[in-house]
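>>> Structure, please.
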Amino acid sequence: MNIGQMFLVGFRGSELKPTDWIVKSIQDRDLGGVILFDRNISGAIQNFDSPSGLTRLVDSLHSLAATPLFIAVDQEGGKVCRLKENNNFPPICSAACMAKEGLDATRQQADLLAQTLHAHGINLNFAPVVDLNLNPNNPIIGKFERSFGTNVSEVVAHARLFIEQHHKYGIGCCIKHFPGHGSSKNDSHLGFVDITEDWQEIELEPYRELISNGYSDGVMTGHLVHRGLDRQGKPATLSPLMINNLLRENLRFSGVVFSDDLQMTAISKRWSYRQAVQEAVMAGVDMLVIGNNLCNQENAVEQGIDAVTELLKQGRVSKERIEQSIRNIWYLKQKIGGKRPWKNNNRPTV
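Have a look, this model is predicted:
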């Protein structure tokens, strides 16, 4: 059982050496994927600062992997872009800008964005955002123009086009932030975010419509607490009620459930890394994201695999449950490789 497939991690460095921990994680631990950043939280270069540097790094990563790797970025457009114009990548406008200009603009911008990712060997984009812009003063969604709008049909139409352009170039998408971050008053990067009083049920509709139309790439959970959806006050990333009951059973999502970054303060302030990994797995997360952008945790893969192995030994999760996650991940990788159709409403079984 390749538990390493359940981890997608960031690392620091623009070139790879045989002794690097990330190299060992890919070769010895069968790591599922990496997430790349241009700069880390201190402003220092984390992985690349030019198109040629990015291509060299991605080619090196792919060459190390016996099992295909997810090579992921957050490339939404606007202020959330890892491939930036000032590093000689094509400029991409924000989701709000695309929506303002109309569907043709979204198609053109998403096509350019996806074409650029493909040219550099990136195969997974943590985008588009399908949060509804219900609070324009939201410090992380509204203020950053990351939402396509307030209207469900408008958000779905633009998100669908965005996703289709990525699929055209063999790139998977991951919609976010489940169950909805657009109405919140706070930013989960910085701490505890309770959406109980602000969240509206309509925020599920973009997920419902996309999933019912066959979308099955990935959904990213937000570190968002809603006591009406989970009375224990667990954030969505750690909540079986929000993942297994709401996302899997109610909305019938069959693809990969990605956590948001487990190093974000909303998680790290209240749970140790080991606890966070275990709680997320027990909640139904398939792939655990550790950005190593906010801090540098070089033993994240080793400790994470140990944490999941402990769950199995203690009987807190079943072998079948872990195998299902690995199967979900493998199906998405096969879609990216052109071996399975993008649209699917059924859980992977073989």
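
>>> Not counting its neighbours along the chain, what's nearest Glu15?
In space, and not counting its chain neighbours, Glu15 is closest to Leu57: 7.0 Å by CB to CB, 6 or more residues apart in numbering. Heads up, the C-betas are built off the backbone N, CA and C, glycines and all.

>>> And stretch 311-318, what's buried?
311-312, 317 (16 or more other CB atoms under 10 Å).

>>> meant to ask about stretch 319-337
Buried residues in stretch 319-337 (16+ other CB under 10 Å): 322, 324-326, 328-333, 335-336.

>>> Number of residues surrounding Pro136?
13 (other CB atoms under 10 Å).

>>> for the protein, which strand is longest?
If you go by DSSP state E, the chain has its longest strand at strand 172-178.

>>> what comes up buried for stretch 100-115?
By neighbour count on 16+ other CB under 10 Å, the buried set for stretch 100-115 is 105-107, 109-111, 113-114.

>>> nearest to Arg82, of those?
Leu113 (11.2 Å; CB to CB).

>>> Could you measure from the residue lying closest to Leu31 once chain neighbours are set aside over to Ala266?
Computed as CB to CB, 6+ apart, the closest residue to Leu31 that is not its neighbour in sequence is Ser25, at 4.5 Å. Ser25 sits 25 Å away from Ala266, going by CB to CB, to the nearest Å.

>>> Wait, the residue nearest to Glu15 touches Asn47, no?
Yes: if you go by CB atoms under 8 Å, Leu57 and Asn47 touch, sitting 6.1 Å apart.

>>> Settle it for me: which of the two has more neighbours?
With other CB under 10 Å as the criterion, Leu57 and Asn47 differ in neighbour count, and Asn47 comes out ahead with 25 against 21.

>>> so what pLDDT did the closest residue to the more buried one other than its chain neighbours get?
Ranked by CB to CB, 6+ apart and with sequence neighbours excluded, the top spatial neighbour of Asn47 is Leu36, at 4.7 Å. Leu36 is assigned 98 on the pLDDT scale.

>>> is it true that Leu36 touches Gly53?
No: using CB under 8 Å, Leu36 makes no contact with Gly53, being 10.8 Å away.

>>> between those two, who's got more neighbours?
Set side by side, Leu36 and Gly53 show more neighbours around Leu36, with 24 against 17, by other CB under 10 Å.

>>> which residues does the more buried one contact?
By CB atoms under 8 Å, 6 or more residues apart in numbering, the contact set of Leu36 is 10, 46-48, 54, 57-58, 71-73, 82, 122.
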